[in-house]
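**Q** just coords:
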């Protein structure tokens, strides 16, 4: 057996086809009406390297037009005239393979398909707030799938995202590690969990290390303002975390245990299944390590996290599906500053109930979502927390009701909806301790599409009882001159509403060496931005490339400003004073061949203050990444990845001198071996070269880990 088209064999095959009756050869053979001698070809289709079964692949006899589809085990069977045959094997997620089967073949035919570098057939929801294939989305969307999450060996979401092109880490302690997109920081990047806002920002930053990779099915990243679809905080982009979905007709389960340096011990488990018309997915785990997210020190530190997530879906009728879901996160942290121990307790829960009702081309999706985040900060000279009047507690709450409507026609699709929100905070640093804001946000988006193009205009009106109304329009377009080439462009507005603390903070610090106060400003306006972006994407069977360009102009960014002094006490407030711009490009390349997979990316970013021309701090101009993975048929998989973050401006002296953080190159490696009975053994090293630099927002030391996991699955009757 060999690959490639063979003209002479094809001619022989086609002669045989002409000699055959003008009816389905396979059907006539089964009915006994065709007297021509026939042969049964059979075999199995697997993924090259990993040797996993490929279900749903089409196996077609090129000259006869007879085809079949592989079953769940990748098995196929064809009845054909005797003779050599050219078979074409196709699957949307894999490179097409053509093989020639000799006339005397009687053994099973094993076909190995090479995965495409990017699965354009994958279904995504974030770019248009509707289910679409990745190749059809109007704005560039990056997907981190389950396979990539497992290859990385990363325990949490932040560790995964900072390895992506154009994504920079930022934060510190106690806010943890957030991410920056297109030069816009964590406070301007919206994070969703199954399409709903993930709350818990501290000083504007959201610690993504709270979300474990064990419960994630995939992550969708859309860069640039998405406020038209998602409202506030989406100026820099949207990160949508999709958890494992319930499945009917199967039972799946898994357990993973990982131990490593710095006292790391992770234990996670999941189960997916269905009972009748109902299906469920449950994930849970515990993670411990003697380090703290966003903190570079390793003395007197530890972090312990418990997490659980569950989803249930019930197909009540052919037209109605009901679903509920819930999330619980509980973490304890400790780190040391001189002789003082610092303690942080974070507890978060979220619950969601919704339905999907479909009538012809119309779909209605009502959802009710509630979530709460509790943050408690304490200090003590003892290694155990002790309650005191100086304890700082903050409680954030969000209640959201939304109704979405979708219409899908032949050339026109409409997505519209309205979101009603009630946001609340309880904090010692807020005037009156308790504050509540109400908002209403209707939006609408239309998609006009042809065979190779689409135009998508949309607009949102956001109304708040505090700062009034704000419009955020956007228009995006996609053109496919060929099946392999896609051109995308968009222009849109983004905004971020002022936070509770920026509006209502009242904080006095009289500790030794400090002596300052901070006041909120209830007259703040929302920040706003305008974005232009475009991308060129080429996707072949084994090669992939994308170049993305972007420009962001932002106005009225909220920054601290000094108030008149009261004696020796410095005073600060917030004001809409910062105008700036960011622009740059990102280049991504990918290739697959058999079990080999290679990826590379480069990002270039410029960020300037529009009034002074000064460089904006905290934004590296250059970044790059690369990875190389290989999978062998006997179950061995190896992966090596490297990330580079260029010099980053961190502060500016009074004389204008710019202080910079040194460039960082990090090299990680992981290897995994499949074992009998569904077991897998893995080992890895993060930061192999033990590169460390000052002022980095997090721990950088070398970490070694070893893990064992089990996977089981069976079909249910």
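**A** Alright, I've got the coordinates. Keep in mind that what you see is a predicted model, and the values were worked out from it rather than measured.

**Q** Is residue 42 within a helix or a strand, and which one?
**A** Assigned by DSSP states H and E, residue 42 falls within strand 38-47.

**Q** Which elements pack onto that strand?
**A** Taking 3 or more C-beta pairs under 8 Å, 6 or more residues apart in numbering; DSSP states H and E as contact, the helices and strands that strand 38-47 lies on are strand 75-81, strand 85-91, strand 109-113. All C-beta atoms are positioned from the backbone trio N, CA, C, and that covers glycine.

**Q** Distance check, residue 271 against residue 215.
**A** 12 Å (C-beta to C-beta, to the nearest Å).

**Q** Comparing these two, which residue is more hemmed in?
**A** Higher neighbour count among residue 271 and residue 215: residue 215, with 25 against 17, using other C-beta atoms under 10 Å.

**Q** For that one, what are phi and psi?
**A** phi -100, psi 0 (degrees, to the nearest 10).

**Q** Wait, it touches residue 254, no?
**A** No. The criterion here is C-beta atoms under 8 Å, and residue 215 misses it with residue 254 at 11.4 Å.

**Q** any shared contact partners between the two?
**A** Jointly contacting residue 215 and residue 254 under the rule C-beta atoms under 8 Å, 6 or more residues apart in numbering are residue 270.

**Q** Same question for stretch 451-463: list its buried residues.
**A** For stretch 451-463, the neighbour count (16 or more other C-beta atoms under 10 Å) marks 454, 456, 457, 458, 459, 460, 462 as buried.

**Q** quick one on the thing from earlier: who wins for proximity to residue 484 among the helices and strands packed on strand 38-47?
**A** strand 85-91 (15.2 Å; C-beta to C-beta).

**Q** and the following helix or strand past that closest one, what other elements does it pack with?
**A** Using DSSP H and E, the next helix or strand after strand 85-91 towards the C-terminus is strand 94-101. With contacts defined as 3+ C-beta pairs under 8 Å, 6+ apart, strand 94-101 has these neighbours: strand 2-3, strand 85-91, strand 109-113.

**Q** Which positions in strand 94-101 come out as buried?
**A** 94, 95, 97, 98, 99, 100, 101.

**Q** Closest to residue 109 out of those residues?
**A** Nearest member of the buried residues of strand 94-101 to residue 109, counting by C-beta to C-beta, is residue 101, at 6.0 Å.

**Q** What is the neighbour count of the closest residue to the closest one other than its chain neighbours?
**A** Ranked by C-beta to C-beta, 6 or more residues apart in numbering and with sequence neighbours excluded, the top spatial neighbour of residue 101 is residue 85, at 4.9 Å. The local packing of residue 85 (other C-beta under 10 Å) involves 27 other residues.

**Q** any idea how far residue 85 is from residue 98?
**A** 11 Å.

**Q** which of the residues in stretch 604-612 are buried?
**A** 604, 605, 607, 608.

**Q** Ok, stretch 508-528 next?
**A** 517, 518, 519, 520, 521, 524, 525, 526, 527, 528.

**Q** Same list, the helices and strands packed on strand 94-101, but as CSV with distance to residue 123 and mean pLDDT please.
**A** CSV is the format used below for the helices and strands packed on strand 94-101 (distance: least, C-beta to C-beta, whole Å; pLDDT from 0 to 100):
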stretch, distance to residue 123, mean pLDDT
strand 2-3, 30, 38
strand 85-91, 15, 87
strand 109-113, 20, 87
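
**Q** Just name the most buried of the ones you listed.
**A** Of all the helices and strands packed on strand 94-101, strand 85-91 carries the top mean neighbour count, a mean of 21, counting by mean count of other C-beta atoms under 10 Å.

**Q** Show me this structure divided up by domain.
**A** Domains of the chain are assigned by automatic domain parsing as 2-113, 123-222, 223-245+255-316+337-461+474-715.
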